[in-house]
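In: Pasting the sequence and the predicted coordinates here, then a few questions.
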Amino acid sequence: MIKPKNDFFDRVYQIVRLIPRGRVTTYGTIARILGSPQSARMVGWALNSSHKFSDIPAHRVVNRHGLLTGKHHFEDPNQMQRLLQAEGIKIKNDQIQDFDTLLWDPALEE
DNA sequence: CCGATGACCATTT
DNA sequence: AAAATGGCCATCG
């Protein structure tokens, strides 16, 4: 059987990887899907490790307000905003516009 | 080994 | 209504 503890990390990666292009999700949303609505911090930590991975579009993951809180952790802070804009997402002052529309919730899709 | 921190969110005072 | 703290799990010193 699987190990829930290690799975936490992996599960975050799975979900982030499944984020469609032009969409964004939040730490809290992912955490809720994982089964712990308050483990959003671990989601952020998982993304921190995701830095070493290449298949983790962390730029599509933002905080509850659609604010690019983690941009500072990227190779270049501007890159996160640039990537999102490249997908058709409009950002102003690190704030995603129409965030409510772009928000992708797996629970709603599946 | 123990203490502190971390890209957050929700609840309580 | 705003501010403060708790909670979650793992990694770093």
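Out: Everything's here; your move.
In: the bottom helix or strand of chain A by mean pLDDT?
Out: The helix or strand of chain A with the poorest confidence is helix A:106-109; it has a mean of 76 (mean pLDDT, DSSP states H and E).
In: From the chain's centre, how far out is it? Work that out for me.
Out: Between the centre of helix A:106-109 and the centre of its chain there are 15 Å (Cα atoms, centre = their mean, to the nearest Å).
In: Tell me which other helices or strands it touches.
Out: helix A:27-34 (3 or more Cβ pairs under 8 Å, 6 or more residues apart in numbering; DSSP states H and E). C-beta here means a position set from N, CA and C on the backbone, and glycine is covered the same way.
In: tell me which residues of the helix it packs on are tucked away?
Out: A:Tyr27, A:Thr29, A:Ile30, A:Ala31, A:Arg32, A:Ile33, A:Leu34 (16 or more other Cβ atoms under 10 Å).
In: Any part of that helix near DNA strand C?
Out: No - shown here: helix A:27-34 not in contact with DNA strand C (Cβ under 7 Å from any atom of the strand), separated by at least 8.3 Å.
In: That helix and DNA strand B, any residue contact?
Out: Yes - applying Cβ under 7 Å from any atom of the strand, one finds helix A:27-34 in contact with DNA strand B at A:Tyr27, A:Gly28, A:Ala31.
In: cool, and stretch A:97-104?
Out: No - if you take Cβ under 7 Å from any atom of the strand as the test, stretch A:97-104 misses DNA strand B, and the best it gets is 10.9 Å.
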